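1. Starting from these lines, generate the structure:
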Amino acid sequence: RKPTDPPPWTEDTFRAVFRCLVTFGKGEGDTDVPNRRAFTYQDLIQSDPAAQALVDTFIHERLLIADTDAQSRAIARLSHEALLIRWPRLANWLQTAPVRDLMSQRRRLESSLRQWQEQNRTPDCYLQPGFELEEGKQLLERHEAALKLEERAFIKASVAYHAEHERKATRRRRMMIAVLTGLTIIALSGAWYGQRQATQAKSSALEADAQKNNAVLAFAEAEKQRVAAQTALAESNRQLERSQVEQGRAWLERGRSALTNGDHISALMFAGRAVGFQGYGRLANDSPQFTERFPHLLVCCLTYSYT
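-> Next comes the predicted model:
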């Protein structure tokens with residue numbers, strides 16, 4: 001390429017490459033200071049379609065240094081940190097808000113990644129749900145090319161772990177809901193059955209009380225009828241007795257009339273019929289009345305019968 005020819009890359013390519021090669025650290029007074037950042041050559045040239053031409057040119061011009069890391073992977077980094085301050089094109093771009101936001105987000109990601117690595121890669125040190133995890137997702141979605149392989153893997157592992165954890169929690173919640181629903185159904189069924197049994201028992205008790213009341217009423221009615229029958233029988237007996245007494249009295253009156261007329265035979269006959277009439281003169285309440293009311297008739301009749 002001739003010195004006068006325009007470079008085969010654009011400003012977007014320049015920014016994509018240097019997003020990978022620059023990070024921010026803390027300087028004096030807690031200020032943000034740009035620092036060099038090593039990046040694998042293979043990932044660096046994939047950050048933009050024209051990235052390889054830019055990287056190879058900068059390596060040739062000794063603006064970048066090619067090297068290998070502990071895993072024997074080819075890496076590239078700035079040749080000197082002075083370029084971050086004295087190269088106006090780069091220094092001015094690094095002061096823009098989007099770049100500083102990206103560097104701050106990636107610095108937090110790097111801190112979480114180091115902690116995870118120092119804690120033997122325990123899942124407890126993955127990006128935590130909420131701000132950390134959402135910020136990691138946004139970095140992976142918007143600036144994946146500016147992230148190292150282990151940073152991308154760390155974000156993906158964090159997302160997968162919490163997604164699986166959420167799935168398990170969802171299953172547990174569903175199982176708990178199913179169990180609680182089953183227990184609720186059982187409890188409601190038991191309550192319904194108990195209420196049904198109580199209602200049946202109450203109905204049975206009411207029916208038994210009704211039958212008892214009916215039996216009491218029937219007994220009372222039978223007793224009433226029995227008393228009525230006894231009363232009727234007693235009244236019938238009294239009427240019969242009164243009829244017999246009246247007939248006995250009539251025979252005695254006829255006997256007295258016959259005695260007055262001197263017909264002693266008829267008087268004796270009438271007195272005998274009165275005395276022999278069924279019931280009259282032999283009942284306890286009639287005998288005294290008979291003897292007291294007609295003593296003369298009886299004496300006369302008895303005297304005449306012996307003469």
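2. Any idea how many residues pack against residue 227?
-> 10 (other Cβ atoms under 10 Å). C-beta here means a position set from N, CA and C on the backbone, and glycine is covered the same way.
3. so which strand or helix has it?
-> Here residue 227 sits within helix 149-260, counting by DSSP states H and E.
4. Give me the next element, helix or strand, following that helix.
-> helix 264-276.
5. Check which helices and strands that following helix sits against.
-> helix 149-260, helix 295-306 (3 or more Cβ pairs under 8 Å, 6 or more residues apart in numbering; DSSP states H and E).
6. Tell me how far the helix holding residue 227 lies from the chain's centre.
-> Put simply, helix 149-260 sits 31 Å off its chain's centre (Cα atoms, centre = their mean, to the nearest Å).
7. ok, now stretch 71-84?
-> For stretch 71-84, the distance to the chain centre is 64 Å (Cα atoms, centre = their mean).
8. What of stretch 71-90?
-> 65 Å.
9. Using CSV, write out the CA atom coordinates for stretch 32-41.
-> Taking C-alpha atoms only, stretch 32-41 is exported to CSV below (Å, rounded to 0.1, in the frame of the first residue of the first chain):
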residue,chain,number,x,y,z
ASP,A,32,-9.8,6.9,35.9
VAL,A,33,-6.6,6.2,34.0
PRO,A,34,-6.4,4.4,30.7
ASN,A,35,-4.2,1.3,30.7
ARG,A,36,-3.0,-1.2,28.0
ARG,A,37,-4.9,-4.4,27.7
ALA,A,38,-3.6,-7.6,26.1
PHE,A,39,-6.1,-9.3,23.7
THR,A,40,-5.9,-12.5,21.8
TYR,A,41,-5.0,-11.9,18.2
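10. List the buried residues of that stretch.
-> Neighbour counts using 16 or more other Cβ atoms under 10 Å place 32, 34, 36, 37, 38, 39, 40, 41 of stretch 32-41 among the buried residues.
11. Closest to residue 257 out of those?
-> Nearest to residue 257 among the buried residues of stretch 32-41: residue 32, at 160.9 Å, using Cβ to Cβ.
12. pLDDT score for the closest residue to the closest one other than its chain neighbours?
-> Sequence neighbours aside, residue 24 is the residue nearest to residue 32 in space, at 4.6 Å (criterion: Cβ to Cβ, 6 or more residues apart in numbering). pLDDT for residue 24: 87.
13. Ok, residue 293 next?
-> 52.
14. now the helices and strands packed on helix 264-276 in JSON lines, with distance to residue 55?
-> Listed next are the helices and strands packed on helix 264-276 as JSON lines, based on distance: least, Cβ to Cβ, whole Å:
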{"stretch": "helix 149-260", "distance to residue 55": "17"}
{"stretch": "helix 295-306", "distance to residue 55": "168"}
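15. worst average pLDDT in the ones you listed?
-> helix 295-306 (a mean of 53).
16. one step back: got the buried residues of stretch 32-41 as CSV, with secondary structure columns?
-> Formatted as CSV, the buried residues of stretch 32-41 follow (DSSP: H, G, I helix; E, B strand; the rest coil):
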residue, secondary structure
32, strand
34, strand
36, strand
37, coil
38, coil
39, strand
40, strand
41, helix
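17. where's the dip in pLDDT among these?
-> The minimum pLDDT among the buried residues of stretch 32-41 falls on residue 32, with 80.
18. That one touches residue 99, doesn't it?
-> No. Contact criterion Cβ atoms under 8 Å: residue 32 and residue 99 do not qualify, at 10.7 Å.
19. sorry, back to before: wait, a strand at the residue nearest to residue 32?
-> Yes. Counting by three-state DSSP, residue 24 is found in a strand.
20. dump the residue contacts of it.
-> Residue 24 is in contact with 32, 33, 34, 35, 100, 103, 104, 107, counting by Cβ atoms under 8 Å, 6 or more residues apart in numbering.
21. which residues are contacting whatever helix or strand the last one lives in?
-> Using DSSP H and E, residue 107 maps to helix 97-118. Defining contact as Cβ under 8 Å, 6+ apart, one finds that helix 97-118 is touched by 19, 22-25, 32, 34, 93-94, 122, 125-127, 132, 135-136, 138-139, 143, 146-147, 150-151, 154-155.
22. For that helix, buried residues please.
-> Buried, per 16+ other Cβ under 10 Å, within helix 97-118: 99, 102, 103, 105, 106, 108, 109, 110, 112, 113, 116.
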